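Enquirer: I'll drop the sequence and a predicted model, then ask my questions.
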Amino acid sequence: MKKHCLECGDEMSGRLDKKFCSDHCRANYNNRINSDCNNYMRRINRVLRRNRRILTDMNPSGKSTIQKRRLTENGFDFSYFTNTYTTKKGRIYFFCYEQGYVDNGDGFITLVQRAAAVE
């Protein structure tokens, strides 16, 4: 009984557990199967990188306060962040990697930069 490549359908010979006739077919098959997941992740990573870049550009000193409107005008998306930090007083800081912000509730946002972790 001849086996057929899962991608192109060509007959294969060799090992019994072989699924693809070549590395090219294996890569094409996996790219096709994972494309929806990869596109979703790529889109989210693009938003996170843009958010981080905006925070970095608006916070050159490591801590500053700006109007919330300025972030939205520059394309910042408040729905996407990598993690949060809640202080003992209950304030929630949202972070895009090491760049973070907290909403002051008065139309202003405080931008902060987390100190680099020592390895």
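Expert: Everything's here; your move.
Enquirer: wait, what's in contact with the one residue sitting closest to the centre of the chain?
Expert: With the centre of the chain defined as its mean C-alpha position, the nearest residue by CA atoms, centre = their mean is residue 45, 2.7 Å away. By CB atoms under 8 Å, 6 or more residues apart in numbering, no residues touch residue 45. For every residue, glycine as well, the C-beta is placed using N, CA and C.
Enquirer: Assign a three-state SS to it, would you?
Expert: Of the three states, residue 45 takes helix under DSSP: H, G, I helix; E, B strand; the rest coil.
Enquirer: What separation do you get for it and residue 38?
Expert: Distance from residue 45 to residue 38, counting by CB to CB, to the nearest Å: 10 Å.
Enquirer: One more: residue 50?
Expert: According to CB to CB, residue 50 stands 19 Å off from residue 38.
Enquirer: Stretch 58-75: which residues count as buried?
Expert: For stretch 58-75, burial by neighbour count (16 or more other CB atoms under 10 Å) applies to 58-59, 68, 71.
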